[in-house]
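> no letters, just coordinates:
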């Protein structure tokens with residue numbers, strides 16, 4: 001007999017997979033939309049100028065209103081109170097708009113040990129990387145970190161129900177961004193993944209729900225989470241990093257439903273990969 005807790009976990013996992021698939025669709029739609037925008041932009045500008053000269057466009061002092069695309073509500077309601085933000089203000093700087101057409105060539109020493117440090121607004125998160133087990137993934141992170149790809153990026157998603165992860169690595173902060181290339185799945189039979197559980201302290205790649213679609217987005221597991229072994233585990237978080245993650249999780253997420261943007265201001269000020 002399936003317990004209520006098991007059913008809740010199953011629904012959470014299914015939601016996680018559906019959202020990954022929606023991100024793939026969103027990327028395709030964005031490319032199509034951009035081409036359409038480029039073709040009609042000139043017409044819009046010319047039309048706007050013509051309307052302005054005839055007095056049709058004017059500022060009447062009224063604010064336009066739009067329905068929310070995230071929380072359907074019949075009437076305005078007071079926003080729920082949030083816990084104090086446990087994090088500091090982000091360092092000065094902005095996200096770089098970087099993209100590449102193909103996976104970087106292999107430059108790491110696959111027999112050596114590598115670590116990654118995420119210097120975040122909430123504290124440092126140290127990660128021991130699984131170089132020999134996930135060489136493509138570690139090589140990609142070494143490349144991206146060296147280019148400053150992750151610097152000043154927000155960790156855009158916190159899940160606190162069913163699965164317990166903080167997702168980062170998207171320069172757009174929307175859940176649909178990436179480096180322009182994909183890397184193969186690796187290490188899906190890691191000994192740590194017992195009973196389809198990603199244990200607390202695991203760092204793994206996010207993907208679209210399809211094979212070999214990892215890019216730059218990754219998630220940090222702060223509590224044991226049951227997930228299918230489809231997400232490349234490529235690192236282990238140190239004790240100090242886990243404390244930082246639990247502090248972020250304690251502040252909750254924006255929707256109140258267990259899956260949304262973290263209430264804490266989680267920004268990666270600097271990501272560094274070091275060979276030891």
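Thanks, I have it. What you see is a predicted model, and the numbers here were worked out from it, not measured in a lab. Residues are numbered from 1 along each chain as shown.

> tell me which residue is most central in the chain.
residue 168 (3.6 Å; Cα atoms, centre = their mean).

> OK, contacts around it?
For residue 168, the contacting residues are 118, 150, 153-156, 217-220, 266, 268, by Cβ atoms under 8 Å, 6 or more residues apart in numbering. No exception for glycine: its C-beta is placed from N, CA and C like everyone else's.

> same thing but 10 Å
Counting by Cβ atoms under 10 Å, 6 or more residues apart in numbering, residue 168 makes contact with 118, 120, 125, 150, 153-157, 203, 206, 216-220, 266-268, 271.

> which of those fall in strands?
118, 120, 125, 153-154, 157, 203, 218-220, 267-268, 271 (DSSP state E).

> can you get me a residue count around residue 182?
By the criterion of other Cβ atoms under 10 Å, residue 182 has 19 neighbours.

> quickly note the distance from it to residue 265.
Distance check for residue 182 against residue 265: by Cβ to Cβ, to the nearest Å, it reads 30 Å.

> ok, now residue 276?
When residue 276 is compared with residue 265 (using Cβ to Cβ), they lie 31 Å apart.

> more neighbours, these two?
Neighbours were counted for residue 276 and for residue 265 using other Cβ under 10 Å; residue 265 has more, 18 against 8.

> does that one really touch residue 84, like I thought?
No - when contacts are counted by Cβ atoms under 10 Å, residue 265 is not listed as touching residue 84 (11.1 Å).

> now do the shared contacts for these two.
Listed as contacting both residue 265 and residue 84 by Cβ under 10 Å, 6+ apart are residue 251.

> tell me where the stretch 51-200 of the chain has strands.
114-120, 123-129, 153-154, 157-161, 163-168, 197-198 (DSSP state E, counting those that start in this stretch).

> tell me which residues touch residue 84, please.
251, 263-264.

> let's see it at 8 Å
By Cβ under 8 Å, 6+ apart, the contact list for residue 84 reads residue 251.

> need the helices for this protein, in chain order.
Here the chain has its helices, by DSSP state H, at 4-53, 135-146, 239-250.

> and those helices, which one averages the lowest pLDDT?
Comparing mean pLDDT across those, the lowest value falls on helix 4-53: a mean of 54.

> on that earlier part again, out of the ones in strands among the contacts of residue 168, who's nearest residue 18?
When these are ranked by distance to residue 18 (Cβ to Cβ), residue 157 comes first, at 13.8 Å.

> quick check: that closest one vs residue 16, distance?
10 Å.

> do the same with residue 245
18 Å.

> who's more crowded, those two?
When residue 245 and residue 16 are compared on other Cβ under 10 Å, the one with more neighbours turns out to be residue 245, at 27 against 23.

> nearest spatial neighbour of that one, chain-adjacent residues omitted?
residue 222 (3.8 Å; Cβ to Cβ, 6 or more residues apart in numbering).

> pretty sure the one you found contacts residue 244?
No - using Cβ atoms under 8 Å, residue 222 makes no contact with residue 244, being 9.0 Å away.

> who's the residue lying closest to residue 244 once chain neighbours are set aside bridged to?
Leaving aside its sequence neighbours, residue 244 sits nearest to residue 123 (Cβ to Cβ, 6+ apart; 3.9 Å). Beta-bridge pairing of residue 123 under DSSP bridges involves residue 120.
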